[in-house]
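Colleague: here's my sequence, what's the structure:
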Amino acid sequence: MGAKPFVKWAGGKGQLLSEIRKSYPMELGKSITKYAEPFVGGGAVLFDILSNYDGIKEAYISDMNPELINTYKVARDNCEELIDSLKVLKGEFMSTPGGTVEQKKYFYQKRETFNALKVKSDTHTNIEKAALFIFLNKTCFNGLYRVNRRGEFNVPMGSYKNPAICDEENLREASALLKRVTIVCGDYKQSEQFIDGNTFVYFDPPFRPLNKTANFNSYTEEGFPDEKQIELAKFVSILVGKGTKTVVSNSDPKNVNAEDNFFDELYAKFNINRISATRMINSSATGRGKISELLITNF
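Modeller: Residues are numbered from 1 along each chain as shown. Next up is the predicted model:
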């Protein structure tokens, strides 16, 4: 099986991997020797491909979230130091006297420290920031990453009896796979210089909200409105013109409005597949359950 994502991520594709695998191009690992994922998030598809296709010699990932990208870089370049830091955090959190009340105090202290380090942007604290990022991700409510208007991480603590704060074996496996990955903090368009006709590209952008209250997943201070979805579709067409095999994920507007043809029209020249997904992150239990998602391919 190989490495799995070491962070939880809203919209993460772990539960959909079996469906997404059906969309991998036949040439993957043969004539297709490069892989790019410009909205990497938790990286479920990334790790699946790197674990199972030895023919992929180079990969490229990017994201606009600087703390997520810092965590990937630290996992790749400073894995043992990261593990040591996570062990300390896990030991302190799990052995906190006074139970949940004291654990909450510890969580909020670490959240405050993380936000202070973010503001200072000191590269000397990259390992500490990455460890705090993973710690908060594993102990916060639903593994959600959300920031306020000041860019501060503001998710409250979740309720877990034994959160997987430090999975040493998986981190080491992930670190080894990331050695052949170019990791970039930036806009998806920067991937164009890496991508050529031998590349499989998977786009998992911020999903178009199904309703006005669904856009809770503010990974960065900027949103991803319809204009940006249209811009992305144009970029995808440019890459397809280079001969790439490309897959795009997104929400299916028809879940709430059968007349909404936004993506059907936007990707009219592509193959649009509707797959069944489970909405995992929602504050209301009634908002969870089976919905349709889109897998859009050019092959």
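Colleague: show the end-to-end separation of stretch 252-260, please.
Modeller: The stretch stretch 252-260 measures 9 Å between its terminal residues, going by CA to CA, to the nearest Å.
Colleague: those strands in the chain, which residues are they?
Modeller: Counting by DSSP state E, the chain has these strands, from start to end: 34-37, 58-63, 181-185, 199-203, 245-251, 271-279, 289-297.
Colleague: now those in JSON lines, with mean neighbour count?
Modeller: The way it works is simple: take the backbone N, C-alpha and C, and place the C-beta from them, glycine included. Output for those, formatted as JSON lines (neighbours: other CB atoms under 10 Å):
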{"stretch": "strand 34-37", "mean neighbour count": "24"}
{"stretch": "strand 58-63", "mean neighbour count": "21"}
{"stretch": "strand 181-185", "mean neighbour count": "18"}
{"stretch": "strand 199-203", "mean neighbour count": "24"}
{"stretch": "strand 245-251", "mean neighbour count": "23"}
{"stretch": "strand 271-279", "mean neighbour count": "14"}
{"stretch": "strand 289-297", "mean neighbour count": "17"}
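Colleague: out of those, which comes closest to residue 135?
Modeller: Closest to residue 135 of the strands of the chain, according to CB to CB: strand 58-63, at 19.3 Å.
Colleague: state the mean pLDDT of stretch 91-104.
Modeller: For stretch 91-104, the mean pLDDT works out to 90.
Colleague: would TSV of the strands of the chain with mean pLDDT and distance to residue 108 be doable?
Modeller: As requested, the strands of the chain are exported to TSV (pLDDT from 0 to 100; distance: least, CB to CB, whole Å):
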stretch	mean pLDDT	distance to residue 108
strand 34-37	98	33
strand 58-63	98	26
strand 181-185	98	27
strand 199-203	98	36
strand 245-251	97	33
strand 271-279	89	28
strand 289-297	91	32
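Colleague: now those as JSON lines including distance to residue 20?
Modeller: Listed next are the strands of the chain as JSON lines, based on distance: least, CB to CB, whole Å:
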{"stretch": "strand 34-37", "distance to residue 20": "11"}
{"stretch": "strand 58-63", "distance to residue 20": "16"}
{"stretch": "strand 181-185", "distance to residue 20": "19"}
{"stretch": "strand 199-203", "distance to residue 20": "8"}
{"stretch": "strand 245-251", "distance to residue 20": "7"}
{"stretch": "strand 271-279", "distance to residue 20": "8"}
{"stretch": "strand 289-297", "distance to residue 20": "7"}
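Colleague: out of these, nearest to residue 120?
Modeller: Comparing these by CB to CB, strand 181-185 comes nearest, at 16.6 Å.
Colleague: can you pull out the helices in the chain?
Modeller: Assigned by DSSP state H, the chain shows helices spanning 17-21, 44-52, 66-77, 79-94, 100-120, 126-139, 168-178, 226-241, 262-266.
Colleague: the fifth one vs helix 126-139, what angle?
Modeller: Orientation of helix 100-120 against helix 126-139 (axes from the mean of the first three to the mean of the last three CA atoms, to 10 degrees) gives an angle of 140 degrees.
Colleague: then helix 100-120 to PDB, C-alphas only?
Modeller: Presented in PDB, the C-alpha positions along helix 100-120 are these (Å, rounded to 0.1, in the frame of the first residue of the first chain):
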ATOM      1  CA  THR A 100      -9.800  17.100  28.900                       C
ATOM      2  CA  VAL A 101      -9.800  20.500  30.600                       C
ATOM      3  CA  GLU A 102      -6.000  20.600  30.800                       C
ATOM      4  CA  GLN A 103      -5.700  19.100  27.300                       C
ATOM      5  CA  LYS A 104      -7.800  22.000  26.000                       C
ATOM      6  CA  LYS A 105      -5.500  24.500  27.700                       C
ATOM      7  CA  TYR A 106      -2.500  22.800  26.100                       C
ATOM      8  CA  PHE A 107      -4.200  22.700  22.700                       C
ATOM      9  CA  TYR A 108      -5.000  26.400  22.800                       C
ATOM     10  CA  GLN A 109      -1.500  27.300  24.000                       C
ATOM     11  CA  LYS A 110      -0.100  25.400  21.000                       C
ATOM     12  CA  ARG A 111      -2.500  27.000  18.700                       C
ATOM     13  CA  GLU A 112      -1.400  30.400  19.900                       C
ATOM     14  CA  THR A 113       2.200  29.500  19.500                       C
ATOM     15  CA  PHE A 114       1.600  28.300  16.000                       C
ATOM     16  CA  ASN A 115      -0.100  31.500  15.000                       C
ATOM     17  CA  ALA A 116       2.700  33.600  16.500                       C
ATOM     18  CA  LEU A 117       5.300  31.600  14.500                       C
ATOM     19  CA  LYS A 118       3.200  32.000  11.300                       C
ATOM     20  CA  VAL A 119       3.200  35.800  11.700                       C
ATOM     21  CA  LYS A 120       7.000  36.000  12.300                       C
END
